[in-house]
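Undergrad: Okay, predicted coordinates and the sequence, questions at the end:
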Amino acid sequence: MGKALVVFRISPFEVEESPSIVKAIKGLGLEGLKDCQLAPIGFGASIVKAAYIMEDKDTQAVERLTTALKGVKGVEEVEVERMDLL
């Protein structure tokens, strides 16, 4: 089994909520969290990017993480930005 790096792009309902979303994601304790940080998108606005390392054979891992991230207060949308094999 190999590993995969999945980067999620997380959009908040309100731009001001981005820092609290980063803190909430880090506090979830989800296995495989590699990095979670704000990413500027322009004009002072930012989104959240979270990177997770997971088994590439686990076909439900991305769906489980997406569901968990959508459950964070203030999150409007979660999408997979990138997926790479390690």
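TA: Cool, the structure landed. Numbering: from 1, shown residues only.
Undergrad: Distance check, the spatially most central residue of the chain against residue 62.
TA: The residue lying closest to the centre of the chain (C-alpha atoms, centre = their mean) is residue 50, at 3.4 Å. If you measure residue 50 against residue 62 using C-beta to C-beta, to the nearest Å, the figure is 12 Å. In short, each C-beta sits where N, CA and C put it, glycine included.
Undergrad: in this structure, which spans are strands?
TA: With strands called from DSSP state E, the chain shows them at 3-12, 33-42, 45-55, 75-85.
Undergrad: thought the residue nearest to the centre of the chain was touching residue 35?
TA: Yes. Residue 50 is within contact range of residue 35, at 7.1 Å (criterion: C-beta atoms under 8 Å).
Undergrad: who touches both of the two?
TA: Residues touching both residue 50 and residue 35 by C-beta atoms under 8 Å, 6 or more residues apart in numbering: none at all.
Undergrad: one step back: output the strands of the chain as TSV; include the columns mean pLDDT and distance to residue 66.
TA: Shown next, in TSV, are those (pLDDT from 0 to 100; distance: least, C-beta to C-beta, whole Å):
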stretch	mean pLDDT	distance to residue 66
strand 3-12	96	7
strand 33-42	93	14
strand 45-55	94	10
strand 75-85	95	5
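Undergrad: Specify the beta-bridge partners of residue 49.
TA: With DSSP bridges as the criterion, residue 49 is bridged to residue 9, residue 37.
Undergrad: ok, it - contacts?
TA: Contacts of residue 49 by C-beta under 8 Å, 6+ apart are 7, 8, 9, 10, 35, 36, 37, 38, 39, 81.
Undergrad: What would I type in PyMOL if I wanted to highlight the buried members of these and nothing else?
TA: Those of the contacts of residue 49 that count as buried under 16 or more other C-beta atoms under 10 Å are selected in PyMOL with:
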select buried, resi 7+8+9+10+36
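Undergrad: re the thing from before, got TSV for the strands of the chain, with distance to residue 68 too?
TA: Shown next, in TSV, are the strands of the chain (distance: least, C-beta to C-beta, whole Å):
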stretch	distance to residue 68
strand 3-12	10
strand 33-42	11
strand 45-55	10
strand 75-85	9
